[in-house]
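J.: 3D model of this:
(chains A and B)
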There are 2 protein chains.
Amino acid sequence: MNTSLSDQDLVEIITEEVKNILTGNADSYITSDLSRDDNFAKSRKVPLGISNRHIHLTSKTFHALFGEGTEFEPMRPLYQPGEFASKHTLTIVGPKLRSIPNVRILGPLRKYDQVEVSLTDAIFLGINPPVSSSGNLGDAAPLTLVGPNSSVYLEKCAIVANRHIHMTDGQAASMGLKSGDYCKVRIGGEKGTVFENVLIRTNDSWKLQIHLDTDDANAANVRSESHVEFIGKM
Amino acid sequence: MNTSLSDQDLVEIITEEVKNILTGNADSYITSDLSRDDNFAKSRKVPLGISNRHIHLTSKTFHALFGEGTEFEPMRPLYQPGEFASKHTLTIVGPKLRSIPNVRILGPLRKYDQVEVSLTDAIFLGINPPVSSSGNLGDAAPLTLVGPNSSVYLEKCAIVANRHIHMTDGQAASMGLKSGDYCKVRIGGEKGTVFENVLIRTNDSWKLQIHLDTDDANAANVRSESHVEFIGKM
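T.: This next block holds a predicted model:
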């Protein structure tokens, strides 16, 4: 999702993409076709989205933090249809009183407040969030969210998002998979890494894409959008 | 190595260890025996050391940064015989003009200046370091190191340390391995992960130990010292 990109980050990513296309090394370019149903079973490749820390809010919490009259505005669309990076960011603060600024709110607004962080972030902030699916906040960790209009202390909001792949039921079926299954994927290279316990999630409006957090992506030494190799069910 | 531990971090680690021993869940406690030659082939377990960002310096650079009269003082021994965390830390600054404070210098002093960072650190600092072995600085990235007496700009100092296992020749032989081989290891759990391209390094004064950086450890969701499962040669 790469939700807190600076202008410099964007310039670097665009430069990298153009370079890849010009040098014929256009992995990310090619992956634009990987989301087609018939290509998944053939290629066994899944486009990679690297999820930086980000926030989901309810309309009520958004307006408390930004002011009653503030409109929730999109900045740019994300890869999944209907989802977007908003123009709005918050500072998050943990019990060690350390803060991370410029954490982007993703849209649309939801029925719950949730902060998705990496374990690196969690250690820095001094919280102990569970590895969890979006919306499963029973064991989530507390954080303070600071906005321009006010701040809120959310006792159960922070999770480390579990590894997951978005796909259609058709794509799942083409690989003998169904929603709720767990699988393994691999990224090659100097820091080649196999990721286990990757949850399959299906919805016919989704495009094929794996979400790994920045710890996973950085462990495997991948810096820009690329793809992973599907290994099989756990 | 966990080289920039705060008092609070230390309290947390000690509490965790005591809790593990009291609850009979004493993974880290048990691993103290894993460094014995005959145990490696039997258990296929390797004690894990998580390397936080750290610095190695020459005597010349140390004295430039801290002052001619300053003695290089140990703070506490590390797991490998003769190695230690020193009392001294520096602030490192990259080309995005962002800095990371309190980066610990490890001892003894060496014949080269080197800063080992995670890719997470590298992205924050705005550098593009190679994945490299200690001392291989041909493609290393630039950083400014700031000390209490002065600062230095080192054009080739920053690397992402490659994954590696320290062991004796006897331990290597007991597993059909030799120095320079590459192997795979695994950490289980909710974010189970297989790490490829782990370099075998041998020296008869070393204790059996794998070094993974904080990105690798955090990807696999391990926060305290533990062990990895040895899978086999690449």
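
J.: Check which element follows the least confident helix or strand in chain A by mean pLDDT along the chain.
T.: Least confident helix or strand, chain A: helix A:27-30 with a mean of 38, by mean pLDDT, DSSP states H and E. For helix A:27-30, the following helix or strand on the C-terminal side (DSSP states H and E) is helix A:37-43.

J.: can I assume A:R186 is in contact with A:V194?
T.: Yes - using C-beta atoms under 8 Å, A:R186 is in contact with A:V194, at 4.7 Å. Heads up, the C-betas are built off the backbone N, CA and C, glycines and all.

J.: is the helix or strand that contains A:Y153 up against chain B anywhere?
T.: Using DSSP H and E, A:Y153 falls within strand A:151-161. Yes - contact of strand A:151-161 with chain B (C-beta under 8 Å from any C-beta of the partner chain) involves A:V160.

J.: Now do stretch A:56-64: everything it contacts.
T.: Residues from elsewhere that reach stretch A:56-64, judged by C-beta atoms under 8 Å, 6 or more residues apart in numbering or on different chains: A:65, A:70, A:72, A:88, A:105-106, A:109-114, A:116, A:134, A:145, A:147, A:149-150, A:152, A:154.

J.: what ranges do the strands span in chain A?
T.: Ranges of strands in chain A, per DSSP state E, are A:45-51, A:54-56, A:74-77, A:84-93, A:99-107, A:114-116, A:131-132, A:141-146, A:151-161, A:164-167, A:182-187, A:193-202, A:209-213, A:227-233.

J.: want to try TSV for these, with mean pLDDT and mean neighbour count as columns?
T.: Listed next are these as TSV, based on pLDDT from 0 to 100; neighbours: other C-beta atoms under 10 Å in any protein chain shown:
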stretch	mean pLDDT	mean neighbour count
strand A:45-51	95	21
strand A:54-56	98	23
strand A:74-77	97	14
strand A:84-93	98	20
strand A:99-107	98	19
strand A:114-116	98	25
strand A:131-132	98	18
strand A:141-146	98	21
strand A:151-161	98	19
strand A:164-167	97	24
strand A:182-187	98	20
strand A:193-202	98	21
strand A:209-213	96	24
strand A:227-233	96	18
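
J.: Which one of the ones you listed lies nearest to B:G126?
T.: Closest approach to B:G126 among these is made by strand A:99-107 (15.7 Å; C-beta to C-beta).

J.: contact partners of the closest one?
T.: Applying C-beta under 8 Å, 6+ apart, the external contacts of strand A:99-107 come out as A:1, A:3-4, A:52-57, A:62, A:72, A:74, A:78, A:83-86, A:88-93, A:115, A:121, A:124-125, A:146.

J.: how big is the angle separating it from strand A:45-51?
T.: Per axes from the mean of the first three to the mean of the last three C-alpha atoms, to 10 degrees, the angle that strand A:99-107 makes with strand A:45-51 is 130 degrees.

J.: Distance from the chain centre to strand A:99-107, please.
T.: For strand A:99-107, the separation from the chain centroid amounts to 13 Å (computed by C-alpha atoms, centre = their mean, to the nearest Å).

J.: Quickly list what the residue nearest the centre of chain A is bridged to.
T.: Nearest to the mean C-alpha position of chain A, by C-alpha atoms, centre = their mean, lies A:S51 at 2.8 Å. With DSSP bridges as the criterion, A:S51 is bridged to A:D213.

J.: That one against A:H211, yeah?
T.: Yes - at 5.1 Å, A:S51 counts as touching A:H211 under the criterion of C-beta under 8 Å.
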